[in-house]
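In: Dropping a prediction and its sequence here:
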Amino acid sequence: MSEKVRVMLSEEAVDKRIQEIGEQINRDYEGKQVHLVCVLKGGSFFMCELAKRITVPVSLDFMSVSSYGSETKSSGVVRIVKDLDEPLKDKDVLVVEDIIDSGRTLSYLLEMLRDRGPKSLKLCTLLDKPERRVVDVHVDYTCFQIPDEFVVGYGLDYDQRYRNLPYIGVVELD
Ligand SMILES: O=P(O)(O)OC[C@H]1O[C@H](OP(=O)(O)OP(=O)(O)O)[C@H](O)[C@@H]1O
Ligand code: HPA
């Protein structure tokens, strides 16, 4: 059996939309410094492209989380695998993610980060699959809402592969 990737969102479409979102962030954060928090691994490609388009002062930090074992996955409890290097106290924090699916990861993570006392806390995602939502999450910036299909590329993986594709695609098996 071989795999093919069907393009859902071309590289040009993704780049154009990231530019638009970057401009919106520049307007919203005028006069401030935005502290971007990247959720690894998937968020890293989007974070880099977004950061290049932001013209207000930017600082960056990275964290990695994983759901607890399969039994508790549906509880949405996440374990910090790599924590942030810096405190969030009094910072204007913008969490950058590749995708919001059930909403469990981000809902839990945002609560955890809010407890660290940022001045503001917002969420920016490359992709959102609203049909899959189980837990409500307020998303401040969404590049694309997509249908309920398993996507790869731009940081998103299928069994750790395809993260490096410069577009968003759907893996199809022949
Ligand atoms: O809304 P949810 O249903 O919680 O799903 C979204 C989460 O799943 C993906 O991460 P994943 O665990 O695949 O990690 P990765 O970024 O390292 O691939 C994605 O990056 C989000 O963090
Ligand atoms: O569609 C997806 N693709 C890759 N990883 C994911 N994690 C949640 N949804 C997805």
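Out: Good, I have the coordinates. Numbering: from 1, shown residues only. Ligands and ions are numbered 1, 2, ... in the order given.
In: For the helix or strand harbouring residue 50, which helices and strands make contact with it?
Out: Applying DSSP states H and E as the criterion places residue 50 in helix 43-52. For helix 43-52, the packing partners by 3 or more CB pairs under 8 Å, 6 or more residues apart in numbering; DSSP states H and E come out as helix 11-28, strand 34-40, strand 58-67, strand 92-100, strand 120-128. The C-beta positions use only the backbone N, C-alpha and C, and glycine is treated the same way.
In: how about these, which one is nearest ligand 2?
Out: Nearest to ligand 2, of all those, is strand 92-100, at 4.9 Å by CB to the nearest ligand atom.
In: and the angle for the closest one with strand 58-67?
Out: For strand 92-100 against strand 58-67, the angle by axes from the mean of the first three to the mean of the last three CA atoms, to 10 degrees is 40 degrees.
In: ok and strand 92-100 relative to helix 11-28, angle-wise?
Out: Using the same axes, to 10 degrees: strand 92-100 against helix 11-28 is 160 degrees.
In: what packs against strand 92-100?
Out: Using 3+ CB pairs under 8 Å, 6+ apart, strand 92-100 sits against strand 34-40, helix 43-52, helix 104-114, strand 120-128.
In: related to what we said a few turns ago, adding mean neighbour count as columns, could you present the helices and strands packed on helix 43-52 in TSV?
Out: Shown next, in TSV, are these (neighbours: other CB atoms under 10 Å):
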stretch	mean neighbour count
helix 11-28	15
strand 34-40	22
strand 58-67	16
strand 92-100	23
strand 120-128	22
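In: By mean pLDDT, show me the worst of those.
Out: When the helices and strands packed on helix 43-52 are compared on mean pLDDT, strand 58-67 scores lowest, with a mean of 93.
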